[in-house]
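> Show me how the following folds:
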Amino acid sequence: MTNLAEVLLAPAQATPNAIALRAGTDAVTYRELESRAARVAGALQSEGVEPGARVTIEGRNTIAFVASYLGVLRVGAVAVPLNPHAPDPELDREVATVEPAFALGPPIDGAGDADPSDNVSRDDSEVAVLLFTAGTAGAPKAAMLTHGNLTSNIRQVLDHPGLALNSGDVSLGVLPLFHVFGLNAVLGIGLAAGASTVLLEQFDAAGAVHAVRDHLVSVLAGVPAMYHAFLELDDDTAPPESFESVRLAVSGAAPLDEDLLERMRKRFGVVVHDGYGLTEASPIVTTSAIGRREPAAGSIGPPLPGIDVRLVDADGGDVLPGDPGEIRVRGPNVFPGYWRDTDATARALTSDGWLRTGDVAVADDEGELSLVDRAKDLIIVSGFNVYPAEVEEALLEHPDVAEAAAVGEPDARTGEAIVAFVVPEPGSRPDPEVLLALCARSLARYKCPARVEIVDALPRSFAGKVLRRQLRRD
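Residues are numbered from 1 along each chain as shown. As a prediction, this is how the structure comes out:
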């Protein structure tokens, strides 16, 4: 029975004076971070927050967020990080879904005066975090990640010599902490390893380069859009030695292209390793950083030790090496399901615990995987999952819109951009700019279409299903 907070704050006993977090000119040691977390936990207890209750946290990349997150875990409650940039309608839906007992936001009122609280014991199977995701099918829902799920993925990484961080490492924490990549793959692993994490509230390519150079960042985790942005900087802002302190650079959430890999090598001398993961797997499943060869475009490497991966055909049978199959994942890092959504859980998990990812890959004779397709309709924008139904529902709020379909198209900066196709009501022709503004009011920025096209009809199959592949411009 281990509370995730104990895992993340173990260095407070081993190396209490080491710097845990930096943010701007502020820095906190592991001892100080544990003290702050204990006071947050005490403040929550004084408010009557009990183990298992949900507590929302405004998910900014700040020391206050990390202390809040650890404090929620420490008291045995369930942390629900929320996107601070999401519009009110989206936040309202998420809050209504989880029914929180308390909401934490900056500053944490009263926490500084609260009596510190000890860790509350939690079983590995008890939920630690709820994270909203588009999931493997359907509209956004809250994935339940247990103390055991998140702890096991951290250990699966740190137990591998090719990935293990140590107390001398400095990690760049620019990926948003309301997303599992930033929350567990960057922050969680960094804290558990006793490393130092440099927090940046938002990504700015020049600012990130300066942070890497100023703090001698050794571990850099990002999404392809970040690496594209680095390459767009001029040599004065990002000279060739900008990343000379980096010993491990990884990318995830969207495929890396060959040109990006080669340009990062040639200009900065950085080998960027691609990986594959998803919220429901806490999140890391595979990475080329533990592969047997130099990373190549499309390669996501082998699975982490302790994670089982199968590639299956349409009937659920294993495919041969070199043949495409849907990725299925099983291991202690795989989630138990979606919050209060048994139907979605049944679609995502098989009866014997395999996670149906909807992503298609091929494996070579040595077990290294390469992504070849995505079976689901998810659009991935700068590493964030967007389900088309979200965008379509927002557009259908306009009285002049009869039908809508959203698809992703390749984009050099963000991986994919959202394009919406709208069929107007008879006798009307809505203004695309008005429709874009409508989306901006109800959707997070990354979920908004880059453009809206007015069309006479949507292509459909004989059964009436919208043929999204005919709308995409691959």
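> The residue of the chain positioned farthest from its centre and residue 399, how far apart?
Among residues of the chain, the one most distant from the C-alpha centroid is residue 427; the distance is 42.9 Å, by Cα atoms, centre = their mean. Taking Cβ to Cβ, to the nearest Å as the measure, residue 427 and residue 399 are separated by 12 Å. Every residue, glycine included, has its C-beta placed from N, CA and C.
> what's the answer for residue 86, then?
25 Å.
> who's more crowded, those two?
Neighbours around residue 86 and residue 399, counted as other Cβ atoms under 10 Å, are more numerous at residue 86. The numbers are 21 against 9.
> Low-confidence ranges, the chain, go.
By pLDDT under 70, the low-scoring segments of the chain are 106-107, 109-112, 134-140, 293, 297, 373-376, 461-465, 473-474.
> Where is the longest helix in it?
helix 30-46 (DSSP state H).
> by contact count, what packs against that helix?
helix 11-14, strand 19-23, helix 63-74 (3 or more Cβ pairs under 8 Å, 6 or more residues apart in numbering; DSSP states H and E).
> Domain map for the chain?
Domain ranges of the chain: 4-372, 379-471, per automatic domain parsing.
> looking at those domains, which is buried most?
Of all the domains of the chain, domain 4-372 has the most neighbours on average by mean count of other Cβ atoms under 10 Å, namely a mean of 19.
> ok, residue 433 to residue 449 distance?
Residue 433 is 11 Å from residue 449, by Cβ to Cβ.
> cool, residue 228 as well?
20 Å.
> likewise residue 88?
20 Å.
> Residue 253 reaches residue 383, doesn't it?
Yes. Taking Cβ atoms under 8 Å as the definition, residue 253 is a contact partner of residue 383 at 3.1 Å.
> any residues in contact with both of those two?
181, 223 (Cβ atoms under 8 Å, 6 or more residues apart in numbering).
> before we move on, back to that, now the longest helix of the chain against strand 19-23, angle please.
Interaxial angle, helix 30-46 versus strand 19-23 (axes from the mean of the first three to the mean of the last three Cα atoms, to 10 degrees): 80 degrees.
> In contact with the closest residue to residue 62 other than its chain neighbours, which residues?
The shortest distance from residue 62 to any non-neighbouring residue, by Cβ to Cβ, 6 or more residues apart in numbering, is to residue 23 (5.9 Å). Residues counted as contacts of residue 23 (Cβ under 8 Å, 6+ apart) are 61, 62, 63, 198, 199, 200, 201.
> try it again with 7 Å
Contact analysis of residue 23 by Cβ atoms under 7 Å, 6 or more residues apart in numbering lists 62, 63, 199.
> and the second one, how far is that from residue 189?
As judged by Cβ to Cβ, residue 63 and residue 189 stand 18 Å apart.
> doesn't residue 441 fall inside a strand?
No. Residue 441 is assigned helix when assessed by DSSP: H, G, I helix; E, B strand; the rest coil, not a strand.
> For it, give me its contacts.
residue 87.
> hmm, try it at 8 Å
Residue 441 touches 87, 89, counting by Cβ under 8 Å, 6+ apart.
> swap in residue 27?
19, 21 are the contacts of residue 27 under Cβ under 8 Å, 6+ apart.
> Which helix or which strand is home to it?
strand 26-29 (DSSP states H and E).
> and what of residue 226?
Under the criterion of DSSP H and E, residue 226 resides in helix 224-232.
> Report all helices and strands that the helix or strand following that helix contacts.
As assigned by DSSP H and E, the chain's next helix or strand after helix 224-232 is strand 248-251. If you count contacts as 3+ Cβ pairs under 8 Å, 6+ apart, strand 248-251 packs onto strand 219-222, helix 224-232, strand 272-277.
> The ones you listed into a markdown table, with extra columns for distance to residue 330?
Compiled in a markdown table, the helices and strands packed on strand 248-251 are given as follows (distance: least, Cβ to Cβ, whole Å):
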| stretch | distance to residue 330 |
| --- | --- |
| strand 219-222 | 25 |
| helix 224-232 | 28 |
| strand 272-277 | 14 |
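> And the ones you listed: which comes nearest residue 37?
strand 219-222 (22.9 Å; Cβ to Cβ).
> which residues touch that closest one?
By Cβ under 8 Å, 6+ apart, strand 219-222 touches 165, 169-172, 174-175, 181, 185-186, 190, 195, 212, 243, 246-252, 270.
> swap in stretch 226-246?
Against stretch 226-246 from outside (Cβ under 8 Å, 6+ apart): 170, 174, 203, 205-206, 208-209, 212-213, 216-220, 249, 251, 256, 260, 263-264, 267-270, 272, 412-413.
> and if we set it to 7 Å?
203, 205-206, 209, 212-213, 216-218, 220, 251, 260, 263-264, 267-268, 270, 272, 412-413.
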